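# Okay, structure incoming, though there's no sequence with it:
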């Protein structure tokens, strides 16, 4: 049985991605607070975002395990309009450059922000901004969380 904390964490993760996509500071603050409701909710939000980032990297048509998963121009252009600071900004850009986690010690809230922003940028690279919003909304409204590429 799925716990209410799991559902809350997964929903907060998707809400945070949608909020970043639309650059809505109030929605970002609300989703961030929702993801921090309790340690279990935080863990599920972080897990959901890490999984969606992974799926977005693999969904790119040029993905190959034989070269770095560098973020393409559409995602990079979107990132230029995202407000990020300090280690979150450094980590997002490191993930964009080579697709690997840099050696930063981030707290849960910083990892959640990093994964949300990075996943949105990667999904925009694959599907464009409008379809990204549609896909995230479909996942958010689904009774289950389907794989991103379905």
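Received, thanks. Here the structure is a predicted model, which means the values were calculated and not measured.
# Local confidence estimate at the closest residue in space to residue 114 that isn't next to it in sequence?
Excluding the flanking residues, the one nearest residue 114 by Cβ to Cβ, 6 or more residues apart in numbering is residue 91, at 4.7 Å. In this view, the C-beta of every residue, glycine as well, is placed from N, C-alpha and C. Here the pLDDT value assigned to residue 91 is 90.
# what's around residue 91, how many residues?
23 (other Cβ atoms under 10 Å).
# how distant is the helix or strand harbouring residue 135 from the center of its chain?
Using DSSP states H and E, the element containing residue 135 is helix 129-141. Here helix 129-141 is found 12 Å from its chain centre; the criterion is Cα atoms, centre = their mean, to the nearest Å.
# Provide the contact partners of it at residue level.
With Cβ atoms under 8 Å, 6 or more residues apart in numbering as the test, helix 129-141 has contacts from 11, 14-15, 17-18, 21-22, 74, 78, 120, 123-124, 127, 145-146, 148.
# Just list the residues touching the most centrally placed residue in the chain, thanks.
Nearest to the mean C-alpha position of the chain, counting by Cα atoms, centre = their mean, stands residue 116 at 2.4 Å. Listed by Cβ under 8 Å, 6+ apart, the contact partners of residue 116 are 13, 16-17, 20, 49.
# For residue 5, state which of those is nearest.
Closest approach to residue 5 among those (Cβ to Cβ): residue 13, at 12.5 Å.
# Hmm, residue 115 and the residue nearest to residue 114 touching each other?
No. Residue 91 is beyond contact range of residue 115, at 9.3 Å (criterion: Cβ atoms under 8 Å).
# Overlap of the contact sets of these two?
By Cβ under 8 Å, 6+ apart, no residue touches both residue 91 and residue 115.
# wait, isn't residue 123 in contact with residue 56?
Yes. Applying Cβ under 8 Å as the test, residue 123 and residue 56 come out as touching, 4.7 Å apart.
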